[in-house]
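In: Predicted coordinates and the sequence they were generated for:
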Amino acid sequence: MRPQRRLIQVLLCALLSAAGLASQPASAETEVDLELVLAVDISRSMDYGEAVTQRRGYIEAFLHAEVLDAIQSGLLGQIAVTYVEWSGPGLQTVIVPWMIIDGPASGERFGQILGAAPVSRWQATSISDALLFSASLFDESEFTAVRQVIDISGDGPNNMGLPVLLARQMVLERDIVINGLPIMINEEDPFRGLSQERLDVYYEDCVIGGLGAFIVAVDDSANFAEAIRRKMVLEIASAPIVPPILTPRAGVDAIPVQNNGTRIDCLVGERVRGFFGP
């Protein structure tokens, strides 16, 4: 909850209490098997067609039997989901507010809300801001779950805002798991500063984290929907003790590990934009 809103609520409660009009305690939070933030990159490095295809993949996922079966196989048979679109610092929008998905009807409702929203594209890529914004949404949720997960997609490295490793650490300290959907479709872009064929390594080493964290890479626009569906099934059905599932790629093990324990420069995007030295 934002500090301003919290302060207003505290002052209001104090006034009501003084007048003997304090409201009854809020009802208990609804229990779900999983609280899931879908944080979707809409920066301009994603062309319009990719943005539309990506959104359609999420709409179709919650209508697919495999995803619905994974949801209903949980102890409670329901999850809470919110859908966020993001790009640069301060540019995050909740498109689908927190809602329960427990079957075909609620899955269809999710798709209707998402499908009715206009497709936007904004400047810059701040994975760090997206992670911190997504983590804050759990504070505003009316649900409670054993697992809280941020599912973040992107087609390039962090290039604005806090360094991604710092933001990731702040999120992981809250026991929130970060999973990734690196989009490796377009050719190398000079503003990314990172070959698309190594974006999965960047996500593995610099973005995802937490117990059982994994990525599913998209390297063909024709496989977008399948990749999203596969990823949703894995994170919905997986228990916290599942070991990491990383997409195998030829030659990845041969990349030398740096001093900070990564195989890739986690500031590569910032260096290209000139925020850090070479």
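Out: Looks like it came in fine.

In: Now do the strand of greatest length in the chain: which elements does it pack against?
Out: Ordering each strand of the chain by length in residues (DSSP state E) puts strand 92-101 first. Judged by 3 or more Cβ pairs under 8 Å, 6 or more residues apart in numbering; DSSP states H and E, strand 92-101 is in contact with strand 79-86, helix 104-116, helix 127-140. For glycine as for every other residue, the C-beta is placed from the backbone atoms N, C-alpha and C.

In: Just grab the bridge partners of residue 178 for me.
Out: residue 150, residue 209 (DSSP bridges).

In: how much space between it and residue 145?
Out: Computed as Cβ to Cβ, to the nearest Å, the residue 178 to residue 145 distance reads 16 Å.

In: Please apply the same query to residue 172.
Out: Taking Cβ to Cβ, one finds residue 172 at 17 Å from residue 145.

In: and what of residue 224?
Out: Distance of residue 224 to residue 145, given as Cβ to Cβ: 27 Å.

In: Quick check on residue 232: phi, psi?
Out: Dihedral pair for residue 232: phi -60, psi -40, per degrees, to the nearest 10.

In: count of neighbours near it?
Out: 27 (other Cβ atoms under 10 Å).

In: same thing with residue 49?
Out: Residues lying near residue 49 (other Cβ under 10 Å) number 9.

In: contacting residues around it?
Out: Contact partners of residue 49, counting by Cβ atoms under 8 Å, 6 or more residues apart in numbering, are residue 221.

In: Tell me the spacing between it and residue 132.
Out: Between residue 49 and residue 132 the computed distance is 29 Å (Cβ to Cβ).

In: burial of residue 233, as a residue count?
Out: Other residues lying near residue 233 total 19 when counted by other Cβ under 10 Å.

In: which SSE is it in?
Out: Using DSSP states H and E, residue 233 sits within helix 224-237.

In: ok, residue 52 - how many residues close by?
Out: As a burial measure, residue 52 scores 12 neighbours (other Cβ under 10 Å).

In: Sorry, slip of the keys, the one I care about is residue 117.
Out: With other Cβ under 10 Å as criterion, residue 117 counts 13.

In: That one - nearest residue in space that isn't next to it in sequence?
Out: Nearest non-adjacent residue to residue 117, counting by Cβ to Cβ, 6 or more residues apart in numbering: residue 95, 4.9 Å away.

In: Mind jotting down where the strands sit in this structure?
Out: Counting by DSSP E, the strands of the chain are 30-31, 34-41, 79-86, 92-101, 143-144, 147-154, 177-182.

In: For residue 269, which of those strands is the nearest?
Out: strand 147-154 (10.3 Å; Cβ to Cβ).

In: by contact count, what packs against that closest one?
Out: The helices and strands touching strand 147-154, judged by 3+ Cβ pairs under 8 Å, 6+ apart, are strand 34-41, helix 127-140, strand 177-182, helix 224-237.

In: for these, which one sits closest to residue 112?
Out: Among those, the nearest to residue 112 by Cβ to Cβ is strand 34-41 (15.8 Å).

In: where in the stretch 151-278 of the chain is pLDDT low?
Out: Across the stretch 151-278 of the chain, the ranges flagged by pLDDT under 70 are 186-197, 238-261, 270, 272-278.

In: Okay, helices next: where are they in it?
Out: Assigned by DSSP state H, counting those that start in this stretch, the helices in the stretch 151-278 of the chain fall at 164-172, 199-202, 224-237, 268-273.

In: how about JSON lines for these, with distance to residue 35 added?
Out: As requested, the helices of the stretch 151-278 of the chain are exported to JSON lines (distance: least, Cβ to Cβ, whole Å):
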{"stretch": "helix 164-172", "distance to residue 35": "13"}
{"stretch": "helix 199-202", "distance to residue 35": "26"}
{"stretch": "helix 224-237", "distance to residue 35": "11"}
{"stretch": "helix 268-273", "distance to residue 35": "29"}
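
In: Tell me which of these lies nearest to residue 73.
Out: Nearest of these (Cβ to Cβ): helix 224-237, 6.3 Å.
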